[in-house]
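Chemist: Turn this into a structure:
(one chain, ligands or ions: 2)
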Amino acid sequence: MTVQTVIVLAAGEGTRMKSAKAKVLHNVAGRSLLGHVLNAVEPLKASELRIVVGSSRELVEEHIANIAPKATTVFQEHRGGTGHAVQLALAGLKTKGTVLVLAGDTPMLTADSLTAFIAAHNEGKFAASVLTAEHPDPTGYGRIIRDDADELLKIVEEKDASEDQKFIFEINSGVYAFDGEKLAASIGKLTNSNSQSELYLTDVIGILKSEGASIAAIMIDDFTEVLGVNDRIQLAESAALLRDRINDHWMRAGVTIIDPTTTWIDATASISNDVTIHPGSAIYGTTSIASGAVIGPRTTLTNCRVQEGASVLESIATDTIIGEGSTIGPFTYLRAGTVLSDATKVGAFVEMKNATLGTGSKVPHLSYVGDATIGEGTNIGAATIFVNYDGVEKHHTTIGDHVRIGSDTMLVAPITVGDGAYTAAGSVITEDVPAGSIAVGRAKQRNVLGWVMRKRAGSKSAQAAEASEKKG
Ligand code: UD1
Ligand code: CA
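Modeler: Residues are numbered from 1 along each chain as shown. Ligands and ions are numbered 1, 2, ... in the order given. Modelled structure (predicted):
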């Protein structure tokens, strides 16, 4: 085993976020910051995963139980610094083997880089290794201080750094690998004699070095991988970098993304080759999109399944299945529980919720379809409303195959319309419609002759009507 134990530090308040929510719970690319870190750590298959929690403990622990149920959480009641957090995490732990320590606020780290880092650490049999990077703007990070032989001497925090040290561009990523026994032997020696009066984990490096242990600074090529998120500006920066990384991945896999700068795909989504995504689109959650589908422009899909060759134009869909070859939009709103079979059409200003539409069926214009089952080859006329709510409860509507619902029909649920039935335009349907019949649910039209000439005498309408009478 290459790593025995992974310790993730996630107890900080994230003061600089100015948020009611714990920093590590903030999202980028569909995962919490902590979720990204745990995702990068997962392939290492460490036998022990310990996460130090503190600020917003309950919510963070609940989140961890969801995304990493095998992890052990360690409670840090008072923020005593990163060194203090590791002291707590080590309590009662077998310290043999390699211990990887990292922070919960570095969402860009990849499993590949961590694997390479640990391999280098293990191969060199170092007491401790620090992952470092050349950062174009090192402000805020701990600086790597090297001796005349160019070897790692110690790490100095920004707040404790001299003016000269602030000009060092090599930074501490906050990712460390330790020989577990050496870490355990030195972690108790930390003192808080620094500008923040905290126990700095970084000081373990200086302590081990002064004791003659072998220490390594291992530099990563791509500094963006170790970006820490401490405020909303860095949150947006890492979101944009992750967006680019994810888009590059899908474009290499054969997806056409017309404008990668305005296309936001969560790390948890999956897209087949020969999908085209137009500008301004967002693909969130567990959404999957099959080959040949065309998405956007300006479309948001959350936890949807889009099947082969479907198109979704200028629309919003959540928890929806869109069948093969179906065409959606523009301006369609598909809510949770919508299931569209193959070759369906759902058009402009249609809202659907908890409704199934059979193969080849259409809801082309201006309708609300809620709590319904609709058969195959059925057409729902413009401006039809599924009246599913009686003010207290929701009710279901069932519509058969090859039905023609006339424009502006109100279908007052619970109701069933049989196979092949019609409804007359403008009907309010309150009773079941047997198969093959037409339901007419509206007042019979009556014309009151001469009404305008009598009641609106002299108006433009009356003049027009009189002129028309003269013409015969
Ligand atoms: C830390 C490093 C710095 C490095 C940077 C990389 C120290 C002293 N400094 O600084 O050298 O360049 O990360 O991003 O380690 N935490 C706890 N308990 C605590 C304090 C912090 O769990 O008492 C957690 C935080 O939640 C966070 C991580 O440790 O996930 C790092 O803390 P943070 O305050 O972000 O440290 P930085 O100032 O970024
Ligand atoms: Ca940080």
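Chemist: mind listing what the closest residue to ligand 1 within the stretch 201-350 of the chain touches?
Modeler: Scanning the stretch 201-350 of the chain for the residue nearest ligand 1 gives G228, at 3.0 Å (criterion: CB to the nearest ligand atom). Placement of C-beta: from N, CA and C, glycine included. Residues in contact with G228, defined by CB atoms under 8 Å, 6 or more residues apart in numbering, are A103, D105, T106, G140, Y141, G174, Q234.
Chemist: neighbours around the first one, how many?
Modeler: A103 has 25 neighbouring residues, counting by other CB atoms under 10 Å.
Chemist: Kindly report the same for V41.
Modeler: 21.
Chemist: pLDDT at it, what is it?
Modeler: At V41, the model reports a pLDDT of 98.
Chemist: and it, helix, strand or coil?
Modeler: helix (DSSP: H, G, I helix; E, B strand; the rest coil).
Chemist: Verify the contact between V52 and Q76 for me.
Modeler: Yes. Between V52 and Q76 there is a contact under CB atoms under 8 Å: 5.2 Å.
Chemist: anything in contact with each of those two?
Modeler: By CB under 8 Å, 6+ apart, the residues touching both V52 and Q76 are A11, A85, L88.
Chemist: By neighbours, which of these wins?
Modeler: Within the shared contacts of V52 and Q76, most neighbours by other CB under 10 Å means A11, with 29 neighbours.
Chemist: Next, give phi and psi for that residue.
Modeler: Here is the backbone geometry of A11 (degrees, to the nearest 10): phi -100, psi -10.
Chemist: That one contacts H78, correct?
Modeler: No. Using CB under 8 Å, A11 is not in contact with H78; the gap is 9.4 Å.
Chemist: Determine how far the last residue of stretch 452-464 lies from the first.
Modeler: 10 Å (CA to CA, to the nearest Å).
Chemist: can you pull the buried residues of it?
Modeler: Neighbour counts over stretch 452-464 (16 or more other CB atoms under 10 Å) mark V452, M453, A462 as buried.
Chemist: again, but for stretch 333-349
Modeler: Applying a neighbour-count criterion of 16+ other CB under 10 Å, one finds 333-335, 337-348 buried in stretch 333-349.
Chemist: Would you mind trimming those to those in range of ligand 1?
Modeler: Among the buried residues of stretch 333-349, no residue is within reach of ligand 1 (CB under 6 Å from any ligand atom).
Chemist: Using CSV, write out every CA atom in stretch 72-87.
Modeler: C-alpha atoms of stretch 72-87 as CSV (Å, rounded to 0.1, in the frame of the first residue of the first chain):
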residue,chain,number,x,y,z
THR,A,72,-13.8,9.2,10.1
THR,A,73,-14.4,12.7,11.3
VAL,A,74,-12.3,14.3,14.0
PHE,A,75,-13.7,17.3,15.8
GLN,A,76,-11.5,20.4,16.3
GLU,A,77,-13.4,22.6,18.7
HIS,A,78,-11.1,25.6,18.7
ARG,A,79,-9.1,26.6,15.7
GLY,A,80,-5.6,26.0,16.9
GLY,A,81,-4.0,25.9,13.4
THR,A,82,-3.2,23.3,10.9
GLY,A,83,-0.6,21.7,13.2
HIS,A,84,-3.2,21.4,16.0
ALA,A,85,-5.7,19.9,13.6
VAL,A,86,-3.1,17.2,12.6
GLN,A,87,-2.4,16.5,16.3
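Chemist: chain center to that stretch: distance?
Modeler: 29 Å (CA atoms, centre = their mean, to the nearest Å).
Chemist: who in the stretch 251-400 of the chain is up against ligand 2?
Modeler: Within the stretch 251-400 of the chain, no position is near ligand 2 by CB under 5 Å from the ion.
Chemist: ok and the residue in the stretch 251-400 of the chain nearest ligand 2?
Modeler: Per CB to the ion, A267 is where the stretch 251-400 of the chain lies closest to ligand 2, at 20.5 Å.
Chemist: how about the helices in this structure?
Modeler: Ranges of helices in the chain, per DSSP state H, are 33-41, 57-67, 82-90, 111-124, 180-186, 202-210, 232-252, 451-455, 460-471.
Chemist: which other helices and strands contact the shortest one?
Modeler: Right, the one you point to is helix 451-455. Other elements packing on helix 451-455 under the criterion 3 or more CB pairs under 8 Å, 6 or more residues apart in numbering; DSSP states H and E are helix 460-471.
Chemist: Quick one: distance of the helix it packs on to the chain centre.
Modeler: 63 Å.
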